[in-house]
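Everything below, folded, please.
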Amino acid sequence: MASRRASYTAEFKLIAVKYAEQHGNRAAGREHGVDESMVRKWRRSRTALEKTPRNKRANRIGITKFPDLETQLAQFVKDRRNGGRAVTTVMIRRQARHFAKERGLVDFVGGPSWCHRFMKRAGLSALPWGRKLQMTGRRK
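Numbering: from 1, shown residues only. Okay, the predicted model is just below:
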């Protein structure tokens, strides 16, 4: 049975890399409880690891393929919400495809999983139907 996936801090990876430089990749893998191939990968990306904060685990969100489109779309969503109007994921996807068509982006799909990743990158959340946005002040 395969072991469960784990994430490691940049500091842990650098320690394993330093050990591997002295004793080899296999020995470093055994010593730190990781696969040899992971140690090889970490050795190749050593310069990037040295620039990363020591406690950071991974680059999970990644760079978007269409940054201008996502910036424009995030502004659209914020403007609608500030106007007190609801925004659904279907509306976001439809507007994203519209913006992509305006810009001539033929390889943009804008599927449901893209929409959820976009919302996470932009710091947006989807409220379930029937939930009201919480007001910041109290009524008198």
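
counting contacts, what elements does the helix or strand bottoming out on mean pLDDT in the chain pack onto?
Taking mean pLDDT, DSSP states H and E as the measure, the helix or strand of the chain with the lowest value is helix 46-51, at a mean of 88. Judged by 3 or more C-beta pairs under 8 Å, 6 or more residues apart in numbering; DSSP states H and E, helix 46-51 is in contact with helix 10-23. Every C-beta, even on glycine, is put in place using the N, C-alpha and C of the backbone.

quick one on the thing from earlier: which other helices and strands does the helix or strand just after the least confident helix or strand of the chain contact?
Downstream of helix 46-51, the first helix or strand assigned by DSSP states H and E is helix 67-82. Taking 3+ C-beta pairs under 8 Å, 6+ apart as the contact definition, the neighbouring helices and strands of helix 67-82 are helix 89-103, helix 112-122.

Break the protein down into its structural domains.
10-51, 67-122 (automatic domain parsing).

before we move on, back to that, looking at the helices and strands packed on helix 67-82, which is nearest to Leu49?
Within those, the stretch nearest Leu49 is helix 112-122; the backing value is 22.9 Å (C-beta to C-beta).

how distant is that closest one from the center of its chain?
Relative to the centre of its chain, helix 112-122 is centred 9 Å away, using C-alpha atoms, centre = their mean, to the nearest Å.
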